[in-house]
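Engineer: 3D, please:
(2 chains)
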Amino acid sequence: MLSVPEQLDILKRGTVTIHSEKELTEKLARGKPLRIKLGVDPTSPDIHLGHAVGLRKLRQFQELGHHIVLIIGDFTAMIGDPSGRSTTRPALTYEDVLANAKTYTEQAFLVLDRDKTEVVFNGSWFKEMPFMEVIRLNARVTLQQMLQREDFKNRVANGTEVRLHELQYPIMQGWDSVVVRSDVEIGGSDQLFNILVGRDLQKEEGMEPQVCMTLPLLEGLDGVKKMSKSLGNYVGLTDAPKEMFGKLMSIPDELMAKYYLLVLGEVLDTSMHPMEAKKQLAAKCVITYHSEAAAQDCREDWDLRFSKRDLANVELPLFTVSDRRDVLGVVQHAYLSVFDQTLSGGDVRRLIQGGSIQLNGEKLTDPKAEPAWGAGAVLKLDKKRSVRLG
RNA sequence: GGGUAGGUGCCCGAGCGGUUAAAGGGGGAAGACUGUAAAUCUUCUGGCUUACGCCUACGUUGGUUCGAACCCAACCCUGCCCA
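Structural biologist: As a prediction, the model looks like this:
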């Protein structure tokens, strides 16, 4: 095991707050593996790079010999974390949650060492909790404390509803810490309040309070909002290599330094051309979640496809024109059969009129035309997608 | 429980008897320009094999009317004030 200052040096990297560093130092100094908690709510089946930021920090702890407790919030997911939300979360069914939990943990092990990770479901204790106990816990948090939270405060000020069950969320998350006896809890910076509640509850149960460690939130592809599935601005860990590469290439330049730090744990070399820097970012990410070969392939494909705009020499999905031979029908069918997307006639018409639909580089502007659909020709559908005619 | 203000398209919001598929913004899409970045400009943003035609849509259900997002009634939901 590394010395305490060496460990601290690694662990502090990329964090927003550590509350407190002194406590962390003391815990580390005992020389025993610490219990590091991260709670995740399986509200969607996929993990994205935003989640991976926390997982990477866990991985660091793991490599330093500490013990990871990954809490699957099957119960808390039913409530929905109100952190940073301006509206109540939609309710999920328990079956959804369980199904999500399965794929979720699978994906978490792309980052974490499976053998050194303890996975627990918080439903296992909450399901059995007597109502008296719930009341007792509630007595420990005041309404004023809750109302100090930015998200609740705003909602109250704006006249947006706040459901009472949402107020339970921090208490439940805090109780998780008591149950798993965590020494350190990791979370995004929006989790600060929730994690601090955990400290309070632990103290009241006569335990040593956990250290609160928060990490920056990773903005999504739009560069503004936090990466999230529901906003569609995410890069999934299981995204296909080319998709992952392409998504990363579309992030705003200003975000690159942050992505380097949080996604790769590296410092961006600002002397590099921004585009080259972004390509390397994308490639490294593909290497991490796929392979070196895949990354190489992505880069070559990218250069051909977008830098040289040489669609003819790029691997494209095949599409065979069937009975409908007019432009509108062909495009609609191509979207459906190749990309599994149902576009309305209006959608397709819009693309055609916008000049998006191109056959071998020639814009097709008449929805009803029936051009010669020669085999091997390249049909461009939109900015990112094209097919080869078979 | 009482009073009061509301519930409109993906979101916010205007409309308050016909010309309303519903202003404006946001978000999204496409094109041009590029580095599939940013910025900018243009266009589009209910459905129907585009049709001055039909269907669906303004919380729900009924009603008034030649005609309703708009008027009436009941119901459901939310905010605020009072209890």
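
Engineer: gap between the closest residue to RNA strand B within the stretch 1-150 of chain A and A:Gln145?
Structural biologist: Of all residues in the stretch 1-150 of chain A, A:Thr87 sits closest to RNA strand B, at 8.0 Å by CB to the nearest atom of the strand. To be clear about C-beta, it is placed using only N, CA and C from the backbone, and glycine gets the same treatment. Computed as CB to CB, to the nearest Å, the A:Thr87 to A:Gln145 distance reads 22 Å.

Engineer: kindly report the same for A:Ser3.
Structural biologist: 38 Å.

Engineer: who has more neighbours out of those two?
Structural biologist: Using other CB atoms under 10 Å, the more surrounded residue of A:Ser3 and A:Gln145 is A:Gln145, with 15 against 10.

Engineer: which strands and helices sit next to the helix or strand containing that one?
Structural biologist: Following DSSP states H and E, one finds A:Gln145 within helix A:143-147. With contacts defined as 3 or more CB pairs under 8 Å, 6 or more residues apart in numbering; DSSP states H and E, the packing partners of helix A:143-147 are helix A:150-158.

Engineer: which residues are contacting the helix or strand that contains A:Leu28?
Structural biologist: Assigned by DSSP H and E, A:Leu28 belongs to helix A:21-29. Residues outside helix A:21-29 that contact it (CB atoms under 8 Å, 6 or more residues apart in numbering) are A:Val4, A:Gln7, A:Leu8, A:Leu11, A:Lys12, A:Ile18, A:Leu34, A:Asp183, A:Val184, A:Pro209, A:Val211, A:Met213.

Engineer: mean confidence for it?
Structural biologist: Helix A:21-29 shows a mean pLDDT of 94.

Engineer: skipping adjacent residues, who's closest to A:Glu315 in space?
Structural biologist: Closest residue to A:Glu315 apart from its sequence neighbours, by CB to CB, 6 or more residues apart in numbering: A:Asp301 at 7.2 Å.

Engineer: meant to ask about A:Asn233
Structural biologist: A:Gly220 (2.9 Å).

Engineer: do I have it right that the one you found meets A:Met227?
Structural biologist: Yes: A:Gly220 sits in contact with A:Met227 when judged by CB atoms under 8 Å, with a separation of 3.8 Å.

Engineer: more neighbours: those two, which one.
Structural biologist: A:Gly220 (23 against 20).

Engineer: spatially central residue for chain A, please.
Structural biologist: A:His48 (2.7 Å; CA atoms, centre = their mean).

Engineer: can you tell me how far that one sits from A:Val235?
Structural biologist: 6 Å.

Engineer: next one: A:Val178
Structural biologist: Taking CB to CB, one finds A:Val178 at 35 Å from A:Val235.

Engineer: could you do A:Ile251 as well?
Structural biologist: For A:Ile251 relative to A:Val235 (CB to CB), the value is 9 Å.

Engineer: so which of the two has more stuff around it?
Structural biologist: Neighbour comparison, A:Ile251 and A:Val235: the larger count goes to A:Val235, with 26 against 21 (by other CB under 10 Å).

Engineer: contacts only, for the more buried one.
Structural biologist: A:Val235 touches A:His48, A:Leu49, A:Leu221, A:Met227, A:Met244, A:Lys247, A:Leu248, A:Cys285, counting by CB under 8 Å, 6+ apart.

Engineer: and the pLDDT at the residue nearest to A:Glu315?
Structural biologist: For A:Asp301, pLDDT reads 92.

Engineer: and it, how many neighbours?
Structural biologist: By other CB under 10 Å, neighbour count at A:Asp301 equals 17.
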